[in-house]
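Undergrad: Here is the input, now give the coordinates:
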Amino acid sequence: MSEAEEKKGPSKKELKKLAKKAQKDAAKASSKAEKSGGSGGGAASAGNNKSAPSASTPTKSSSVGPPVYRLANVPSSLAAALKDSCTIKACMGSILYSQKLLPGGGSSSLPFVHGPALLYGDAASTSPPVVAFGGNGILKALSGQSVNSTTDDWLEFERTELRPALMSGNAKKIDKSVQKLASALEVHGVSVMGTEPLTLADVAITVTLLLSSKAIQQTLPPSIQTYAEITQNSPAYQQIKSLVSTLLPPATSYDPTNPSLLQAASAIFAGAIFSTFPMAQSLGIEIKAFKCKDIKHGDYQCNVAMPLFQKLKGAGALPDGVKTPQQVAQAIIDGVPVDNPVLCELTVNGPGFIMSRIKEEYLVRGVNEIITRGAPVKPKCCTDNDDEDKSGVVVDFSSPNIAKEMHVGHLRSTIIGEAVCRILEYSGKNVDRVNHVGDWGTQFGMLIQYLKEEYPNFHEDPPNITDLTAFYKNAKSRFDESAEFKKISQLNVVKLQAGDEECRKIWQVLCDVSRLEFEKVYARLDISVKECGESFYNDKIAPVIDEFDSRGMISVEEGGAKCVFVPNFKIPLMLQKSDGGYGYDSTDMAAIKYRLDELKARQIVYITDFTQGDHFQMVFAAAKKIGWVDDDSHRLDHIGFGTVQGEDGKRFKTRSGDTVRLVDLLDEAVSRMEASLRERNSSSDGKGGNVSEEEIHKTACAMGYGAVKYFDLRRNPTSNYIFSYDRMLDTKGNTAIYLLYAHARLESIISKGKADFGVDVDALISDGKSKIALSHKSERNLGLHLEFFADTIEETLADLYPYHICDFVYALSNAASEFVTQCKVLGSPEMESRLLLCRATAITMRQCFDLLGIRHVMRI
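TA: Next up is the predicted model:
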């Protein structure tokens, strides 16, 4: 190796190979070693809490079976835990040495421990577990290795020299400790131990380096940066975030700033469980409340009593007198403070289910917040975003083809994509809305030639192509029928890709005409999207292929095609065809690279039909394989949608078999809605409409386009559905029309309250006189449904399926309908409170409409 190569150090590929090999070696060493514990901080029995233990190696647990490891005192938030060196070292040890790590809850029996502590011993033993604390001590315990004096010396160096120096920020101290480390690496290479990397000492040192500030890391010598990168690039380090998330302690106290009803109920239950059964914190049982399916039995339930009973029984830790899961459930209920702010009416149901109701005061406070804010309260995941959480999200949707009309097949991607963007933006994300139009490919050769022949004077007289579908069909017919036309078309493709001026001009004409047609659809549906088509990535494909090739990941197949194989797929991605051309695989790999590197995307969402699911999973796998993304830092989603069908259950087409133009389909919905509104206005049954003739078209557009959108969004996108105007424009059932009528009805009641009874809701709110009461069961039920909003948003952000919001707003509308039917609003003693409840509901419905991209109407 040359001197220059020595200075340059190993490549990223070599670093990852070293890290993977070291991880395998560590796991092998652990499986052979005798299980014993050690500590750079200390170890002791949990029962010995009178004084701090010594730093000597702890004795082996007296358990007969393999020890169970639990990490206690983990910081309560994921962000804090990922910055805590003890937690990170524990996770690295768990992964490297194949020791399963369970949550250990709090460690109140260890007053001398102020950070994470490792509890280990036989799961069935009632004696106090052995404890290791301090990051290095936990690492030693998890490794199961006999620690030699050299390892101990390096652990002591990390604890007493390196760590304090980095924390102080003092340049001289940092330089002194770093020089000692650099000298060792100069002698030994990739490990201070002179072995393969990722030894126990290496992990302790590199974790500390990686948790130091970015400014300090950038000043470290190249050899130390490379040393730290070996750990950073290891599979173990990249799995840390996922493992940490399973170790976070459940919230055991109610947080009044968190609008999540689910988390509020869960916190009350967790507090009662851990105070009644302290051992439950270390049994690895998920403590979570669930919304009751049948509100006759309760609002929320807790199902932990059955698994907790089994765990306690297995450990011989059941309290005296507790012999059944029902008794465990009753003990938990007895542990819930009567004055808690969330739950009441707790009962045991069946084999041990705990049923509960939400207190009226809690619901009243929530409704009042909606009224005073003028908006429903966002979940904490939307308000606690730091700069990293707000980092870029790319949503790739709509994506029609140039020189083709948008048809019903583009409807779902466009509608779902717009809703997904709105939901992500509402959560605080910075969203790039990308329209990956098909503006490149072999079809343009025939289109260019056809335009030349049909419009020979296109330079002076640009063609007015009003029917793109007919234009494309005619060009395709010529291509299929004429060998000469076909040959010239193929040559046009080569000329276009080579930058021929005339071909480029014609291509631009076709793009411009198509954009005008696309915009007609986007304007009707209130779609905002930025075009960045396939052609944009054309010059970015070759460097991507070169990068895969330089990493040894290219497989040259028969004919010379350059391919990349990814795990779990037999067929490869073809980055370059045998003739040297590029296809979808090439473009999509260049696109994902650009979005990650240039747009700084941490999350990318693709919305296409479900048949492209495997293709995108392969693209994601290839991006992971080459190291562009990792599961802890990035999120890649493909939302695959089903087919829009006709009444015959087949793909939706006209009677002649042609695809339906999307503009015509949308306008038909508006036309039918206009007719319905006019009929309502002319009704003689006293139920006439409140929309003037001048407002009918605008109202019909909001309702017609909204009906088409909602009919799609209300279902799981993976399902097919039958397109039916009659069903989507129905005033009853789960339709946008029903919801818009329900919203208008609430606003009508509010308006009549002011006009006929002098009760001005806006004045009540501005004067601070908005007082809500939820005495009637229908009032309470509506208040409860309003409080489901925050959890609905969190659920939607998990899978990005807008139907969760549709389900919420439909259930809310039904609760509102029951409320105004069962409770007299106007002229009642409770009129002010009930009008305010109408306002809170209308506010929340409008927020849902906005997230779904549906325009609301105030009167119909």
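Undergrad: Around R159, count how many other residues there are.
TA: A total of 18 residues lie near R159 under the criterion other CB atoms under 10 Å. The way it works is simple: take the backbone N, C-alpha and C, and place the C-beta from them, glycine included.
Undergrad: I meant to write D658 there.
TA: 12.
Undergrad: Is the nearest residue to it once chain neighbours are set aside in a helix, a strand, or coil?
TA: Excluding its sequence neighbours, the residue lying closest to D658 (CB to CB, 6 or more residues apart in numbering) is T469, at 7.4 Å. What DSSP: H, G, I helix; E, B strand; the rest coil gives for T469 is helix.
Undergrad: how about T469, what does it touch?
TA: T469 makes contact with K404, E405, D658, T659, R661, according to CB atoms under 8 Å, 6 or more residues apart in numbering.
Undergrad: gap between it and V521?
TA: As defined by CB to CB, to the nearest Å, T469 lies at a distance of 14 Å from V521.
Undergrad: tell me the phi and psi of the spatially most central residue of the chain?
TA: Nearest residue to the geometric centre of the chain (CA atoms, centre = their mean): A798, 4.4 Å. With angles defined as degrees, to the nearest 10, A798 sits at phi -70, psi -40.
Undergrad: what does the model give it for pLDDT?
TA: Looking at A798, its pLDDT reads 95.
Undergrad: now swap in K12 and tell me
TA: 51.
Undergrad: what comes up buried for the helix or strand that K487 is a member of?
TA: Taking DSSP states H and E as the criterion, the element that holds K487 is helix 483-498. Buried residues in helix 483-498, counting neighbours by 16 or more other CB atoms under 10 Å, are found at F485, K486, I488, S489, N492, V493, L496, Q497.
Undergrad: Looking at the protein, which strand is longest?
TA: Longest strand in the chain, counting residues (DSSP state E): strand 601-609.
Undergrad: Mind giving me the packing neighbours of that one?
TA: Using 3 or more CB pairs under 8 Å, 6 or more residues apart in numbering; DSSP states H and E, the elements in contact with strand 601-609 are strand 392-396, helix 411-426, helix 584-597, strand 635-641.
Undergrad: Out of those, which gets nearest to I333?
TA: Smallest distance to I333 across those (CB to CB): 37.4 Å, for helix 411-426.
Undergrad: ok, A842 - how many residues close by?
TA: 22.
Undergrad: these two touch, right, it and L746?
TA: Yes. Counting by CB atoms under 8 Å, A842 does reach L746; the two are 4.6 Å apart.
Undergrad: Quick check, V825 in contact with S833.
TA: No. Applying CB under 8 Å as the test, V825 and S833 come out as separate, 9.5 Å apart.
Undergrad: how far out from the middle of the chain is the helix or strand containing L746?
TA: L746 is part of helix 736-757 when elements are defined by DSSP H and E. Centroid separation between helix 736-757 and its chain, computed with CA atoms, centre = their mean, to the nearest Å, is 36 Å.
Undergrad: these two touch, right, V74 and V244?
TA: Yes. If you go by CB under 8 Å, V74 and V244 touch, sitting 7.5 Å apart.
Undergrad: okay, the helix holding K487 in CSV with CA atoms only?
TA: The C-alpha trace of helix 483-498 is given here as CSV (Å, rounded to 0.1, in the frame of the first residue of the first chain):
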residue,chain,number,x,y,z
ALA,A,483,-42.0,0.8,-41.0
GLU,A,484,-40.5,4.0,-42.3
PHE,A,485,-42.3,6.1,-39.7
LYS,A,486,-41.1,3.7,-37.0
LYS,A,487,-37.5,3.9,-38.2
ILE,A,488,-37.5,7.7,-38.2
SER,A,489,-39.2,7.7,-34.8
GLN,A,490,-36.4,5.6,-33.3
LEU,A,491,-33.8,7.9,-34.8
ASN,A,492,-35.7,10.8,-33.2
VAL,A,493,-35.2,9.3,-29.8
VAL,A,494,-31.5,9.2,-30.2
LYS,A,495,-31.4,12.8,-31.5
LEU,A,496,-33.6,14.0,-28.6
GLN,A,497,-31.3,12.3,-26.0
ALA,A,498,-28.3,13.8,-27.8
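Undergrad: The helix or strand that that helix is followed by to helix 483-498, inter-axis angle?
TA: Sequence order places helix 501-525 as the next helix or strand after helix 483-498, per DSSP H and E. For helix 501-525 against helix 483-498, the angle by axes from the mean of the first three to the mean of the last three CA atoms, to 10 degrees is 80 degrees.
Undergrad: Isn't P572 up against C563?
TA: Yes. Using CB under 8 Å, P572 is in contact with C563, at 3.7 Å.
Undergrad: Find residues that contact each of these two.
TA: Going by CB under 8 Å, 6+ apart, residues that sit against P572 and also against C563 are S555, E557.
Undergrad: can you map out the helices along the stretch 701-850 of the chain?
TA: 725-728, 736-757, 761-766, 777-786, 789-799, 803-822, 831-852 (DSSP state H, counting those that start in this stretch).
Undergrad: no, scratch that, I was asking about the stretch 151-300 of the chain
TA: Remark: helices assigned in the stretch 151-300 of the chain by DSSP H, counting those that start in this stretch are 163-168, 171-188, 200-210, 214-219, 222-232, 235-238, 240-247, 261-276.
Undergrad: Any chance of a markdown table for these, columns mean pLDDT and distance to G758?
TA: Output for these, formatted as a markdown table (pLDDT from 0 to 100; distance: least, CB to CB, whole Å):
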| stretch | mean pLDDT | distance to G758 |
| --- | --- | --- |
| helix 163-168 | 92 | 66 |
| helix 171-188 | 90 | 73 |
| helix 200-210 | 93 | 67 |
| helix 214-219 | 85 | 62 |
| helix 222-232 | 89 | 68 |
| helix 235-238 | 86 | 65 |
| helix 240-247 | 88 | 55 |
| helix 261-276 | 94 | 35 |
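Undergrad: Determine the number of other residues adjacent to A755.
TA: Residues lying near A755 (other CB under 10 Å) number 10.
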